[in-house]
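# everything below, folded, please.
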Amino acid sequence: MASKTKVLITGATGYIGGSVLNRLLQRSDLMSSLDIRVLVRSPEKAKKFEQFGFTPVIGSHADESVVVPAVSEVDILIATTDCDNLEAAQIALKGMKKRFDSTGKQPVYIECSGTGVYVEQSGGMHSTDTVYDDANPDQIETLAPTQPHRNVDLEILAADKEGYIKAYFILPPTVWGIATGPLVDAGLVNPHSRQIPVLIKACLQHRRGGMVGAGKNVWNNVEIHELADFFIILLDAVLNNKAGLGHGREGFYNTVNGEHTHYQLAESISKALVELGLGDNPTPSTFTKEEEEKYLSFWAPFYGTNSRCLATRAKALGWNPKKTTDDVLATMKTEIDTLVTTKRIDSIGPV
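Predicted structure coming up:
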């Protein structure tokens, strides 16, 4: 009997990583044919993950003594933890190099990066005509190494170019929606994103939808379960050695569908707050500099940026997301109500 392909997933308790695992639980063929390992910090949660058929590895993604041996034992790493942690990526690459040296076969590194790599500052005062296409590696290579996430992406790209890994990059934009599934029900996985809840918390304290500048800046969006679907599509393609599947500079996948201005987002939050009795005005307002510092802290400039891109390569692989900007705007009332009633809003940073 052939040995099972070994897969390690970091960020297993997180919003994205946990959603990927919930999608895997829906695929009995993958659950039976793969040896799926999950990196978790908590021994208590590790035991619960084991009950779902996953093999736990206890430790942090930045703990070299744990990660190097764990990665050196697997064929595929799906990293969903922190796309700005260069040290963690370097540690993972050490494990992958060890795997390559011992087997002569390139392990696969699937990195969850983000469309934050495309940001440009506008202070919320205008949009941009610059749109990055994931099928245009020459355009992506024009990005400055100082862009968010880019130093980590470049480190992984260098390893791919050196030839000891095959690297694939999944770039989510603003991810929205409340995650669902057995792992959420078991209390193992965070069901909320960070980007929108941070803004919601600021608006709750403001008692009104707020934005940086005029809110004319534009970002793409994607629903959490449709994002998780793409991870499985890419994993299937890797496992089946899909013809023409590029990696490295040809392995970037923008997982985007809709596009929204930050004014639209602030307005939908403002209206929802009024409907829930938590706000005073359905029309959003611009945060003052003092309010930006008070409510958004170091995140404030980020909410005034543009990040626009196309999912040409991702959709060519068979990904077919259905949820649009209208859907994300329509969910704000439910998102706010859930965050408040469960008190999860209290643990949302940075404010």
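# hmm, Ala12 is touching Asn22, no?
No. The pair Ala12 / Asn22 is not scored as a contact, 10.7 Å apart, by C-beta atoms under 8 Å. C-beta here means a position set from N, CA and C on the backbone, and glycine is covered the same way.
# show me where the stretch 201-350 of the chain has strands.
Secondary structure of the stretch 201-350 of the chain (DSSP state E, counting those that start in this stretch): strands at 208-211, 218-223, 252-254, 258-261, 281-286, 305-306, 309-310.
# and these, which is most packed in?
Of these, the one with the most neighbours on average (mean count of other C-beta atoms under 10 Å) is strand 252-254, at a mean of 29.
# so which of the strands of the stretch 201-350 of the chain is nearest Leu86?
Minimum separation from Leu86 across the strands of the stretch 201-350 of the chain (C-beta to C-beta) falls at strand 252-254, 18.4 Å.
# look up the closest residue to Ala27, ignoring the ones flanking it.
I think there's a mix-up here, since residue 27 is Arg and not Ala. Ile232 (6.8 Å; C-beta to C-beta, 6 or more residues apart in numbering).
# how near is the one you found to Ser122?
35 Å (C-beta to C-beta, to the nearest Å).
# ok, now Thr81?
Remark: distance between Thr81 and Ser122 (C-beta to C-beta) = 29 Å.
# okay, now Glu275: neighbour count?
Using other C-beta atoms under 10 Å, Glu275 has 14 neighbouring residues.
# correct me, but Gly248 touches Lys161?
Yes. With contact defined as C-beta under 8 Å, Gly248 counts as touching Lys161 (6.2 Å).
# who's more crowded, these two?
Taking neighbours as other C-beta under 10 Å, Gly248 and Lys161 compare with Gly248 leading, 19 against 12.
# pLDDT wise, what is the more buried one at?
pLDDT for Gly248: 98.
# tell me how many other residues crowd the closest residue to Ser122 other than its chain neighbours.
Nearest residue to Ser122, sequence neighbours excluded (C-beta to C-beta, 6+ apart): Asn217, at 4.9 Å. Neighbours of Asn217 under the rule other C-beta under 10 Å: 28.
# was I right to think Asn217 contacts Val119?
No. Contact criterion C-beta under 8 Å: Asn217 and Val119 do not qualify, at 9.4 Å.
# what residues are shared contacts of these two?
Listed contacts common to Asn217 and Val119 are Thr305, Asn306; contacts here mean C-beta atoms under 8 Å, 6 or more residues apart in numbering.
# tell me where the stretch 51-200 of the chain has strands.
With DSSP E, counting those that start in this stretch as the criterion, the stretch 51-200 of the chain has strands spanning 55-58, 76-79, 108-112, 120-121, 132-133, 166-171, 174-176.
# would you turn these into TSV with mean neighbour count?
Shown next, in TSV, are the strands of the stretch 51-200 of the chain (neighbours: other C-beta atoms under 10 Å):
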stretch	mean neighbour count
strand 55-58	18
strand 76-79	26
strand 108-112	25
strand 120-121	12
strand 132-133	18
strand 166-171	26
strand 174-176	24
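# could I get those strands in CSV, plus columns for distance to Met211 and mean pLDDT?
Formatted as CSV, the strands of the stretch 51-200 of the chain follow (distance: least, C-beta to C-beta, whole Å; pLDDT from 0 to 100):
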stretch, distance to Met211, mean pLDDT
strand 55-58, 42, 98
strand 76-79, 32, 98
strand 108-112, 27, 98
strand 120-121, 15, 98
strand 132-133, 23, 98
strand 166-171, 24, 98
strand 174-176, 14, 98
